Structures are given as C-alpha cells and as structure tokens.
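Colleague: how does the following fold in three dimensions:
(one chain, ligands or ions: 2)
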Amino acid sequence: MTRIVLVTAVVLVDPDRRVLLAQRPKGKSMAGLWEFPGGKVEAGESPEATLMRELDEELGIVVREPCLAPLTFASHAYETFHLLMPVYVCRKWEGVPQPLEHAELAWVNRMKLGDYPMPPADLPLISVIQDRI
Ligand SMILES: Nc1nc2c([nH]c(=O)n2[C@H]2C[C@H](O)[C@@H](COP(=O)(O)OP(=O)(O)OP(=O)(O)O)O2)c(=O)[nH]1
Ligand SMILES: [Mg+2]
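Modeller: Ligands and ions are numbered 1, 2, ... in the order given. Got it, this is the predicted structure:
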C-alpha cells in the first residue's frame with residue numbers, strides 16, 4: 001500500500017491566454033522541472049485554502065476563492081508516494097507573480113507547454129489545458 005499525498009495546483013491564465021509555469025529550485029525533489037504553482041494540503045486545510053496560502057507564499061499574489069475553478073486532476077504513482085493533485089484554473093488575482101520560492105517563472109503559450117520539462121504527473125495535464133483553457 002502506498003501513501004496518498006494531496007497537493008493542489010493552479011493554472012494561472014493571463015489575458016493573452018498564456019499559462020504560468022514555475023521552475024522547481026535546486027535542492028528540492030525534481031529540481032529544474034517546470035510545475036504549476038501550489039503545494040501540499042496541510043492538516044485542517046481545505047484544498048482551496050492551501051492554494052490561496054501557497055500562491056501568497058510562492059508568488060506573492062492574492063487570489064479570492066470564487067476565482068478558483070476546478071479544471072482537472074492528476075493521479076500519479078511516484079516511487080515513494082501516490083500523488084493526487086486537484087488542478088484549478090484562475091484568471092483573476094491581485095499583484096504580479098514573483099519567483100519567491102522558485103528558480104524562475106515563465107508565461108507560456110499553451111501550445112508550447114510541451115517544450116518545458118515537467119514532473120511526470122503533469123504530462124497528461126498538457127492536452128487538457130490546451131483543449132480547455
Ligand atoms: N506544486 C506542484 N507540485 C507538483 C506538481 N507536479 C508534481 O508532481 N508535484 C509534486 C512535487 C512534490 O512532490 C509535491 C508537492 O509539491 P510542494 O511544492 O508542496 O512540495 P515540496 O516540493 O515543497 O516538497 P517538500 O520539500 O515540502 O517535501 O507534488 C505541480 O505541477 N505543482
Ligand atoms: Mg510548492
């Protein structure tokens with residue numbers, strides 16, 4: 001039996017329909033790969049509360065809960081845990097995203113998402129984003 005780790009992530013979409021990717025920093029697992037901002041759901045937290053906290057910590061932006069819409073999810077067996085990751089979409093926030101905890105940020109044309117190396121769990125998300133964003 002494997003441990004399920006619940007992580008929430010968000011696809012931020014700008015007015016030009018570009019998507020924000022964030023590069024995992026040195027020293028963390030999967031360093032250098034491009035992910036969607038977010039993080040682990042902590043005890044007592046709703047998934048939406050996690051996302052609002054992580055977006056403040058990681059990017060320095062403020063997102064209101066009604067601006068988070070469910071998009072899809074990822075389910076992936078990593079070696080040491082099983083990732084279950086609800087993915088939201090958000091088109092409205094306050095502030096300008098900054099790489100406060102990532103190596104770099106990139107606003108990416110959704111048709112170019114495949115050019116950015118991502119964690120294996122994220123690969124099935126690309127076509128969903130391309131079709132639905
Ligand atoms: N935020 C985020 N995490 C992802 C994505 N894809 C993916 O496999 N993950 C994995 C990486 C981590 O193992 C886990 C949660 O990421 P996190 O940002 O909260 O965790 P972390 O790297 O800080 O982990 P840790 O140092 O606290 O142990 O989910 C993604 O698109 N976004
Ligand atoms: Mg994170």
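
Colleague: for this protein, which helix is longest?
Modeller: helix 47-59 (DSSP state H).

Colleague: and the helix or strand just after that one, what does it pack against?
Modeller: Sequence order places strand 69-77 as the next helix or strand after helix 47-59, per DSSP states H and E. Judged by 3 or more C-beta pairs under 8 Å, 6 or more residues apart in numbering; DSSP states H and E, strand 69-77 is in contact with strand 82-90, helix 125-132. Any C-beta I mention is one placed from the backbone N, CA and C, and that applies to glycine too.

Colleague: need the ones you listed in CSV (columns: distance to ligand 1 and mean pLDDT).
Modeller: Compiled in CSV, these are given as follows (distance: least, C-beta to the nearest ligand atom, whole Å; pLDDT from 0 to 100):
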stretch, distance to ligand 1, mean pLDDT
strand 82-90, 5, 98
helix 125-132, 8, 98
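
Colleague: most tightly packed of these?
Modeller: strand 82-90 (a mean of 20; mean count of other C-beta atoms under 10 Å).

Colleague: wait, E57 touches H102, no?
Modeller: No - if you go by C-beta atoms under 8 Å, E57 and H102 don't touch, sitting 11.0 Å apart.

Colleague: tell me who's in contact with the spatially most central residue of the chain.
Modeller: Central residue of the chain (C-alpha atoms, centre = their mean): F36, 2.3 Å from the mean position. Residues near F36 by C-beta atoms under 8 Å, 6 or more residues apart in numbering: 9-11, 20-22, 87, 122, 125.

Colleague: got the buried residues for the longest helix of the chain?
Modeller: 47-48, 50-55, 58-59 (16 or more other C-beta atoms under 10 Å).

Colleague: repeat that for stretch 91-102.
Modeller: 93, 97, 99, 101-102.

Colleague: just the closest of those residues to ligand 1, please.
Modeller: E101 (8.1 Å; C-beta to the nearest ligand atom).
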